[in-house]
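K.L.:
here are the coordinates; sequence isn't available:
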């Protein structure tokens, strides 16, 4: 995707983990069908060995791209058995050698926290049956969130890594000092979403370019649908809406994604989100009680 440096999660995770000391760092995610499980095990086993207890390996089963690119990655057009791939990958992290003489060094004994990612019930159910944490892509599939999370919890079976269901939802959130500024900064994300949805992905436009774009009636409908799940506003508004979202879904964590033209505006949004965390938690608890 133009403008999003997400094609090499292991490289990025290593850079971020090396520049920090306490935060968890992970992939959101590695599309496993595009990669050899042995390679993923070696990469993330190395990351876990270098940064013990701080690496999350988020795995998806979608191609994440078009057919031609997927084939270039996989070197084949054959269908991929995702459950078998996942079992193979997890086996490489085990101290024993379930794959005969094949060893993923230094993956054995250096298992990162493995998450399954998804926007439908398939990965939700699989994560539950395997006793793995589950991350739901609410930022582009909001309508499926609650059914998928309910399925995850119904299917859950305790495992050696997780005794109870544990899930997060990823949400687009943009916070500014006032609502008008937040809407102005959100303009590029809206136009970018339209271009992506209509098959014309591009780098993020500036707020000025976004403000000057003349949307057709049909395009306004596409934007309204595509960005309906975005949480945009001042501190109070964002805290309240995120609190209600957590309470209604029962999510244990939020993964926040913020897209702005200027990096300084993104940092400012994160800082405001951090400051309103107390009110967000209060709003979440209040909404939970009301529910």
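P.N.:
Ah, there it is. Worth saying up front: this structure is predicted, and the values here are computed from it rather than measured. Numbers count the residues shown, from 1 in each chain.

K.L.:
name the helices or strands packed onto the lengthiest strand in the chain?
P.N.:
Scanning the chain for the strand with the most residues, using DSSP state E, yields strand 167-175. Judged by 3 or more Cβ pairs under 8 Å, 6 or more residues apart in numbering; DSSP states H and E, strand 167-175 is in contact with strand 134-136, helix 145-155, helix 179-197, strand 231-233, helix 235-249, strand 253-257, helix 263-275. Backbone N, C-alpha and C define where each C-beta goes, glycine included.

K.L.:
redo that, cut-off 6 Å
P.N.:
strand 134-136, helix 235-249, strand 253-257, helix 263-275 (3 or more Cβ pairs under 6 Å, 6 or more residues apart in numbering; DSSP states H and E).

K.L.:
who touches that strand?
P.N.:
134-139, 149, 182, 186, 230-232, 238, 249, 251-258, 269, 272-273 (Cβ atoms under 6 Å, 6 or more residues apart in numbering).

K.L.:
Partner strands of it and their direction?
P.N.:
In the sheet, strand 167-175 lines up against strand 134-136 (parallel), strand 231-233 (parallel), strand 253-257 (parallel) (DSSP bridges).

K.L.:
Make a markdown table from these and add distance to residue 30 to it.
P.N.:
Shown next, in a markdown table, are these (distance: least, Cβ to Cβ, whole Å):
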| stretch | distance to residue 30 |
| --- | --- |
| strand 134-136 | 12 |
| strand 231-233 | 27 |
| strand 253-257 | 15 |
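
K.L.:
Just say which of those is most tucked in.
P.N.:
Per residue and on average, the most neighbours among these fall to strand 134-136, with a mean of 29 (mean count of other Cβ atoms under 10 Å).

K.L.:
picking that back up, need the helices and strands packed on strand 167-175 in TSV with mean pLDDT, can you?
P.N.:
Shown next, in TSV, are those (pLDDT from 0 to 100):
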stretch	mean pLDDT
strand 134-136	96
helix 235-249	93
strand 253-257	91
helix 263-275	94
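
K.L.:
which of these is buried the deepest?
P.N.:
The highest average neighbour count among the helices and strands packed on strand 167-175, using mean count of other Cβ under 10 Å, belongs to strand 134-136 at a mean of 29.

K.L.:
outside of that strand, which residues touch it?
P.N.:
115-117, 124, 127, 145, 148, 152, 167-169.

K.L.:
Pick the one among these closest to residue 86.
P.N.:
residue 116 (8.0 Å; Cβ to Cβ).

K.L.:
Residue 157: what's its closest spatial neighbour, skipping adjacent residues?
P.N.:
Distance criterion Cβ to Cβ, 6 or more residues apart in numbering; nearest residue to residue 157, sequence neighbours excluded, is residue 131 at 5.3 Å.

K.L.:
can you give me phi and psi for the one you found?
P.N.:
The phi and psi values for residue 131, taken as degrees, to the nearest 10, are phi 70, psi 40.
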